[in-house]
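In: From the sequence below, what's the structure:
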Amino acid sequence: MNGILGRTLGILEHLAAHPQGLPLASLADDLDIPRSAAHRLLAELAQHGYVRQLRAQGDYVLTTKLVSLGLSFLSRSGVVDIAQPLLERLAEASGELVRLAVIDGDTLTFVAKAQGARSGLRYDPDMGTEAPLSCSASGHAWLMTLSDEQALELVARQGFGSREQFGVNAPVTVAQLLEHLHAARARGFSLTRETFAPGMAAMSAPVRRPGQPAIGTLSIAGPHVRLTEERMLALGPTLIAVADELAAASGASPLFSRAAAGPRQPPSA
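Out: As a prediction, this is how the structure comes out:
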């Protein structure tokens with residue numbers, strides 16, 4: 001990763017994946033940065049409050065400053081105020097995890113959730129992560145609103161998710177992905193089973209106003225022993241209705257307005 005900014009962002013992203021912390025030598029070696037340069041960058045990040053050492057000469061960890069920035073951004077964007085009551089209502093109706101993801105350029109990021117399962121098996125992944133477009137129900141819900149060519153271009157930028165990393169049914173070819181997308185368009189929402197996580201099923205609908213690009217996705221996810229295909233089909237009209245209601249209210253959020261601009265275009269040659 002070349003350049004000071006690239007190296008700095010690389011350090012932040014690598015530390016985010018290792019919340020227990022990492023020593024300077026591991027960070028430098030993992031990111032292929034000279035140790036002297038890594039030390040300078042870490043000192044700068046520590047000075048500005050983004051990282052700290054667990055002890056003198058010890059491992060480096062992220063502070064909560066980045067989290068605070070992200071939460072502050074979401075709070076001021078109005079997304080949570082608009083979406084949370086609707087997410088809570090859908091979670092109660094479905095009894096499963098409900099998540100809202102927002103489109104930002106060519107990525108889809110989970111920003112809010114509500115848990116409807118009160119007992120038994122619960123599925124509750126971390127917020128703030130990007131949805132894999134090729135194998136998540138949320139990714140399929142966005143891609144179904146695009147042409148096949150646009151959808152495949154976005155997946156090509158991100159790459160296909162492997163079955164070893166995600167689920168045994170994750171699409172790994174263009175034909176398999178298009179089969180999912182064509183079925184999703186026909187029913188009005190996506191439906192997946194063990195494509196994103198073992199033992200899990202999910203469904204998702206795009207959040208978009210008529211004639212406009214999608215601005216996000218609304219999903220329901222849970223263990224496939226409860227969230228069967230029959231149950232997902234029965235929940236489909238409710239999911240679509242809440243997604244449409246969220247789309248109608250989205251004009252009050254600057255983040256949703258920005259998402260309506262559509263996917264990022266690749267730079268011209």
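In: where does the chain dip in pLDDT?
Out: Residue ranges of the chain with pLDDT under 70: 1-2, 56-57, 67-68, 70-81, 117-128, 251-269.
In: can you give me the helices for it?
Out: With DSSP state H as the criterion, the chain has helices at 4-16, 24-31, 35-47, 65-77, 79-94, 137-143, 148-158, 174-187, 229-249, 254-259.
In: Run through the neighbouring helices and strands of the fifth one.
Out: With contacts taken as 3 or more Cβ pairs under 8 Å, 6 or more residues apart in numbering; DSSP states H and E, helix 79-94 sits against strand 97-104, strand 107-115, strand 216-223, helix 229-249, helix 254-259. The C-beta positions use only the backbone N, C-alpha and C, and glycine is treated the same way.
In: repeat for the first one
Out: Of the remaining helices and strands, those touching helix 4-16 by 3+ Cβ pairs under 8 Å, 6+ apart are helix 24-31, helix 35-47, strand 51-53, strand 60-62.
In: In CSV, list these along with distance to residue 136 and mean neighbour count.
Out: Formatted as CSV, the helices and strands packed on helix 4-16 follow (distance: least, Cβ to Cβ, whole Å; neighbours: other Cβ atoms under 10 Å):
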stretch, distance to residue 136, mean neighbour count
helix 24-31, 27, 16
helix 35-47, 31, 15
strand 51-53, 30, 18
strand 60-62, 25, 19
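In: As CSV, the ones you listed with distance to residue 142 would be great.
Out: Formatted as CSV, the helices and strands packed on helix 4-16 follow (distance: least, Cβ to Cβ, whole Å):
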stretch, distance to residue 142
helix 24-31, 31
helix 35-47, 33
strand 51-53, 33
strand 60-62, 29
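In: Please report how far the spatially closest residue to residue 107 that is not a sequence neighbour lies from residue 111.
Out: Nearest residue to residue 107 in three dimensions, chain neighbours excluded: residue 130, at 5.1 Å (Cβ to Cβ, 6 or more residues apart in numbering). As for residue 130, its distance to residue 111 is 11 Å (criterion: Cβ to Cβ, to the nearest Å).
In: can you check residue 49 too?
Out: Distance from residue 49 to residue 111, by Cβ to Cβ: 24 Å.
In: So for stretch 213-233, what gets flagged as buried?
Out: 213-224, 227, 231-232 (16 or more other Cβ atoms under 10 Å).
In: Stretch 132-147 now?
Out: Applying 16+ other Cβ under 10 Å to stretch 132-147 flags 132-146 as buried.
In: about what we covered before: any idea which of the helices of the chain is most buried?
Out: Of all these, helix 137-143 has the most neighbours on average by mean count of other Cβ atoms under 10 Å, namely a mean of 30.
In: which ones are touching residue 7?
Out: Applying Cβ atoms under 8 Å, 6 or more residues apart in numbering, we find residue 7 in contact with 1, 31, 33, 37, 38, 41.
In: and which of the residues you listed is nearest to residue 156?
Out: In terms of Cβ to Cβ, no member of the contacts of residue 7 lies closer to residue 156 than residue 1, at 21.5 Å.
In: mind listing what residue 242 touches?
Out: Residue 242 makes contact with 86, 89, 90, 218, according to Cβ under 8 Å, 6+ apart.
In: what's the distance between it and residue 99?
Out: Counting by Cβ to Cβ, the gap from residue 242 to residue 99 is 12 Å.
In: Find residues that contact each of the two.
Out: residue 218.
In: From residue 32, how far out is residue 166?
Out: Distance from residue 166 to residue 32, by Cβ to Cβ: 27 Å.
In: Looking at the buried residues of stretch 132-147, spot the one nearest residue 103.
Out: The nearest one, if we look at the buried residues of stretch 132-147 relative to residue 103 and count by Cβ to Cβ, is residue 142, at 6.3 Å.
In: how close does that closest one get to residue 243?
Out: Counting by Cβ to Cβ - residue 142 and residue 243 are separated by 12 Å.
In: who touches both of the two?
Out: What both residue 142 and residue 243 touch, as defined by Cβ under 8 Å, 6+ apart, is the set 206, 217.
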